[in-house]
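1. this one's sequence-less:
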């Protein structure tokens, strides 16, 4: 099963908003509302920032929001800050009882 | 508090076996599936599979059947990933991750680097 499709990189200036897309299929993103987003900084552990498409775990900034339309999920980061610079991954549960990750998107804060 | 503490780095020669451990604490160990995720150098996260809550039955992703074995010992609340007959392509950081629900990985181990080199 191929990875979910994410842009390799996105960039934005401090204070701006950016959106990262995550495209799957009708067997994963499009079927369930079980899309998660993770932030992964170098030498750190991946951190769950969005689960079940749009829910934020306790302690995660409200600047992070998630949505979904059809087979594509999106992560929006508003009020971009320098510390947001990291790799971001989406993932989805699938109809085969597996999980699939996206290829990752490197966010650069200009 | 929930913690997942993994074993340290390993350097193995091709053909050897390696066993990575993931010691869990702070929650009811068998109530959550434990998943394994690989990150090869310069690559993204790759789901390897899980050992299922309560039953302990393993499920493997495509590409991780045969040489990869998930297990757990509930008496010491530890999950294990064993890789046999390792190859250079197995060089990666391996993470354990607790599955809160349908792929929501709310807690991760710190990662175990496995390096395969002759």
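-> Received it, and whenever you're ready, just let me know what you need. The structure displayed is predicted, hence computed values, not measured ones. Numbering: from 1, shown residues only, chains lettered A, B, ... in the order given.

2. Nearest the geometric middle of chain B, what residue?
-> The centroid of chain B falls nearest to residue B:36 when counting by Cα atoms, centre = their mean (3.8 Å).

3. ok, that residue touching residue B:45?
-> No - look at residue B:36 against residue B:45 with Cβ atoms under 8 Å: they stay out of range, at 10.9 Å. Backbone N, C-alpha and C define where each C-beta goes, glycine included.

4. Name the nearest residue to the residue nearest to the centre of chain B, sequence neighbours excluded.
-> residue B:48 (4.2 Å; Cβ to Cβ, 6 or more residues apart in numbering or on different chains).

5. Run a quick neighbour tally on residue A:13.
-> 9 (other Cβ atoms under 10 Å in any protein chain shown).

6. wait, residue B:63
-> 13.

7. Would you check how far apart it and residue A:98 are?
-> 11 Å (Cβ to Cβ, to the nearest Å).

8. Ok, residue B:74 next?
-> As judged by Cβ to Cβ, residue B:74 and residue A:98 stand 24 Å apart.

9. correct me, but the residue nearest to residue B:36 touches residue B:68?
-> Yes - under the criterion of Cβ under 8 Å, residue B:48 makes contact with residue B:68 at 6.7 Å.

10. what is in contact with the two at once?
-> Residues touching both residue B:48 and residue B:68 by Cβ atoms under 8 Å, 6 or more residues apart in numbering or on different chains: B:60, B:81.

11. Partner strands of whichever strand in chain B runs longest, with direction?
-> In chain B, taking DSSP state E as the definition, the longest strand is strand B:92-101. Next to strand B:92-101 in the sheet, as set by DSSP bridges, lie strand B:33-39 (antiparallel), strand B:104-108 (antiparallel), strand B:112-116 (antiparallel).

12. can you list contacts of that strand?
-> Outside strand B:92-101, the residues that reach it (Cβ under 8 Å, 6+ apart) are A:34, A:45-46, A:51-52, B:2, B:4, B:6, B:20, B:22, B:24, B:27, B:32-41, B:43, B:48, B:50, B:53, B:79, B:81, B:105-109, B:111-114.

13. Got the phi and psi for the residue of chain A positioned farthest from its centre?
-> In chain A, residue A:96 marks the outermost C-alpha relative to the chain mean, sitting 21.3 Å out by Cα atoms, centre = their mean. Dihedral pair for residue A:96: phi -90, psi 10, per degrees, to the nearest 10.

14. Residue B:105 bridge partners, please.
-> With DSSP bridges as the rule, residue B:105 is bridged to residue B:99.

15. what sits against it?
-> Contacts of residue B:105 by Cβ under 8 Å, 6+ apart are A:36, A:38, A:46, A:48, A:91, B:35, B:37, B:97, B:98, B:99.

16. Then residue A:40?
-> So residue A:40 contacts A:46, A:47, A:86, A:87, A:88, A:89, A:104, B:45 (Cβ under 8 Å, 6+ apart).

17. Go again with 10 Å.
-> Residues near residue A:40 by Cβ atoms under 10 Å, 6 or more residues apart in numbering or on different chains: A:46, A:47, A:86, A:87, A:88, A:89, A:104, A:106, B:39, B:44, B:45, B:108.

18. Mind checking which of these land in strands?
-> Short answer: those in strands (DSSP E) are A:47, A:86, A:87, A:88, A:89, A:106, B:39, B:45, B:108.
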